[in-house]
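Chemist: Next come a sequence and a model predicted from it.
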Amino acid sequence: MPRPDFPKNIFEFQKRFSTEEACLEFLIQSRWTEGFICPKCGHNEYYWMKERKLLQCQKCRHQTSVTAGTVMHRTKQPLTLWFYAAYLVTTHTPGMSALQFQRQVGLSNYETAFGILHKLRSGMVSQGRGRISGVIQADETYIGGAQPGLRGRGASGKVIVVGAAEIRGNRLFRIRLRIIPNVNSQTLTNFVKESVVEGSTVITDDWKGYNYLQPAGYNRVIDDSALGNIHKVFSNLKMWLIGTHHGVSPQHLQAYLNEYTFRFNRRVTPMAAFQTVLGLRTQRLGPTYEELYGIAKHSKLAWVHPNPKKGMRS
């Protein structure tokens, strides 16, 4: 049995996933495309325990939760809310801040909205995702509000983000973004090795931190004027952080980089990402409350909105 199809627009979505039962049916069809198989004994027949939303094996009585192994595991929120959140995250072009989501669905608690969106973001990065290849533009940027001191690589008090952009036919194809602690050769070389297939052409500026790319198996080309695409990625990223989220803490910045990358790389087929963010294609539980708030809530903003009265919203 193939995976279930996906609604083509918001009206189809609201009609199809208006009840808990409809969401549960979609989860079962998505997780067991060839029919349910008991994870304990391998039997393929089960009882449906409606009240507890569990599949119970007819042979060994082992019970399996429909949401186990997904970002919705042990959730106290209705599945209709999770589905709507996943729909907004994957199809809403500028993204969705926690405050926007809270207002749109009528949640009384901001932290609930914040937690749901961050759990969905956790499903956006596959641990075994492939590396980009071919012609690559690589550079770094600095995320943060105005700080005293030097600009560029001499700046202090900001978060360093390194990026790589895959170019096909003079057009951007896929990107990778990551927070790094410094711009030395080991850090930059490790990022390229983990993100880019060996043998690819990597275009950089003349920064010495990229000097070891050639020995590492890459064809390094130094050309400051040929980095327009990765610079465009950085510019749009910063505009997105300002325009949608109005303030992102360093603690959670990588999650937003993951979302931006996920959305960009699937910009042509956004609805195909719905199952991925729910964790239906991988065992992805999402961050716990302690992981989300383990560092002080009011840590320094990585980006500060020009109007400080707006404060941090995501």
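Modeler: Received, thanks.
Chemist: With adjacent residues omitted, what lies nearest to Phe13?
Modeler: Pro7 (4.1 Å; C-beta to C-beta, 6 or more residues apart in numbering). No exception for glycine: its C-beta is placed from N, CA and C like everyone else's.
Chemist: name the element the one you found belongs to?
Modeler: Assessed by DSSP states H and E, Pro7 sits outside every helix and strand.
Chemist: how far away is the residue lying closest to Gln58 once chain neighbours are set aside from Leu55?
Modeler: Closest residue in space to Gln58, ignoring its immediate chain neighbours: Glu45 at 4.4 Å, by C-beta to C-beta, 6+ apart. For Glu45, the distance to Leu55 (C-beta to C-beta, to the nearest Å) stands at 10 Å.
Chemist: what residues do those two have in common as contacts?
Modeler: Phe36 (C-beta atoms under 8 Å, 6 or more residues apart in numbering).
Chemist: Which one's more surrounded, those two?
Modeler: Neighbours per residue, other C-beta atoms under 10 Å: of Glu45 and Leu55, the larger number sits with Leu55, 19 against 10.
Chemist: How about residues contacting the helix or strand where the more buried one lies?
Modeler: Counting by DSSP H and E, the element that carries Leu55 is strand 54-57. Strand 54-57 has contacts (C-beta under 8 Å, 6+ apart) with 28, 36, 38, 40-41, 43, 45-49, 62-66.
Chemist: Now for Cys23: which residues touch it?
Modeler: Phe17, Leu79, Thr80, Trp82, Phe83.
Chemist: Three-state assignment for Leu172, please.
Modeler: Of the three states, Leu172 takes strand under DSSP: H, G, I helix; E, B strand; the rest coil.
Chemist: In the stretch 51-200 of the chain, where is pLDDT below threshold?
Modeler: 126-128, 145-157 (pLDDT under 70).
Chemist: actually the stretch 201-314 of the chain, not the one I typed
Modeler: Looking at the stretch 201-314 of the chain by pLDDT under 70, you get 245-247, 269-272, 281-314.
Chemist: Show me where it has its strands.
Modeler: For the stretch 201-314 of the chain, strands defined by DSSP state E, counting those that start in this stretch occupy the ranges 201-204, 219-222, 247-248, 303-304.
Chemist: Can you say which of those is nearest to Asn211?
Modeler: strand 219-222 (8.1 Å; C-beta to C-beta).
Chemist: Now do the buried residues in the closest one.
Modeler: Using 16 or more other C-beta atoms under 10 Å as the burial criterion, the residues of strand 219-222 that qualify are Arg220.
Chemist: List the contacts of it.
Modeler: Gly199, Ser200, Thr201, Val202, Ile203, Thr204, Asp205, Asp206, Tyr210, Leu213, Gln214.
Chemist: which of those residues are buried?
Modeler: Neighbour counting with 16+ other C-beta under 10 Å marks Ser200, Val202, Ile203, Thr204, Tyr210, Leu213 as buried within the contacts of strand 219-222.
Chemist: Go through these and say which is closest to Arg266.
Modeler: Ser200 (21.8 Å).
Chemist: how deep is the residue nearest to Ile175 when sequence neighbours are not counted tucked in, by neighbour count?
Modeler: The shortest distance from Ile175 to any non-neighbouring residue, by C-beta to C-beta, 6+ apart, is to Ala165 (5.0 Å). By other C-beta under 10 Å, the residues close to Ala165 number 26.
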